[in-house]
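**Q** Sequence plus predicted model, see below.
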Amino acid sequence: GQNGNPYRIYDEAGNQLDPVAAGVEVGMSLWGENWNGVNSGAGGQEADPIITAIAGDTLILSQLVEFANTGGAPGDKINIGYTNTIHRYEIDTNIVTLLVRGSFLNFHQDFRIYGINLIDDLLFWTDNRNQPRKINVSLANPTSLITPVHYVNEDQISVAKYYPYETPLVLKQTIREITAGTQDAVRKGYSLTMTDTTGINIGDIVTGFPDQQESELWEVIYIDPGVSVTIYNNFKDGSAGQTPGTYTSPSTIDIT
């Protein structure tokens, strides 16, 4: 590409491309990581330009793009395509900042956004195509990333939340100190030595082991009152090399 209109596009080998043959269409956006030497949305090309016309082998854009290179191959790498974005425009400074980018926004030119409200940092809007949405404009992209990472899914921005598909569980927490641990000599599981077993029931979940993996769902299967508790995990049964995380005695664990 080069400064000023029109613009030409090349492949990585430096061959000029026919925009139409490459699938480029009027209405697509351009964004990249080297607009005037910096990322778009980070002080360089802050607003994504739109392709307004295709004239032969050149592109006409909605605004001037300042590239780091002087033009011609190899030029600066850019992305071209349809994109869904939300920007913030500062009237006093005339600065446009990218807040959200992603197909999950599901915008459409035939569904204009008329209902907009900004309450403190919360932006609410509706387009009569998607359910009402909201974002926090301060948290959306504070470091001006070219691809914002705070909002990446529909369920993060939807005002209406999905109902729980599982019955809520009321959990109680019991914290106990263990003084030793070893594979249970009788049962398939891991025995935790503790002097206080009150408040612990069969089926309780045991957590709090250092370095415990997410798949380690240890469940109480046996209680020797005032002596020990045996726990079992479908993936780690307490045998050699299959202990619950790593820890030193004494340690404190949570039982819920």
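**A** That came in fine, so what should we check first?

**Q** Tell me what Ile80 is bridged to.
**A** Leu30 (DSSP bridges).

**Q** quick one: contacts for it?
**A** Ile80 sits next to Ile9, Val24, Met28, Ser29, Leu30, Ile51 when contact means CB atoms under 8 Å, 6 or more residues apart in numbering. For glycine as for every other residue, the C-beta is placed from the backbone atoms N, C-alpha and C.

**Q** For Tyr151, state which of these is nearest.
**A** For the contacts of Ile80, the residue nearest Tyr151 by CB to CB is Ser29; the value is 18.0 Å.

**Q** do you know how far that closest one is from Leu59?
**A** 12 Å (CB to CB, to the nearest Å).

**Q** Please apply the same query to Val229.
**A** 69 Å.

**Q** Give me the neighbour count for Ile178.
**A** Applying other CB atoms under 10 Å, we find 21 residues neighbouring Ile178.

**Q** neighbours of the closest residue to it other than its chain neighbours, just the number please.
**A** Nearest non-adjacent residue to Ile178, counting by CB to CB, 6 or more residues apart in numbering: Leu192, 4.6 Å away. Using other CB under 10 Å, the number of residues around Leu192 comes to 28.

**Q** what does Leu61 give?
**A** The number of residues near Leu61, taken as other CB under 10 Å, comes to 19.

**Q** Show me the beta-bridge partners of it.
**A** Bridge pairing for Leu61 - DSSP bridges - gives Ile51.

**Q** shouldn't it be in contact with Ile54?
**A** No - when contacts are counted by CB atoms under 8 Å, Leu61 is not listed as touching Ile54 (10.7 Å).

**Q** Please consider this matter closed, and thank you.
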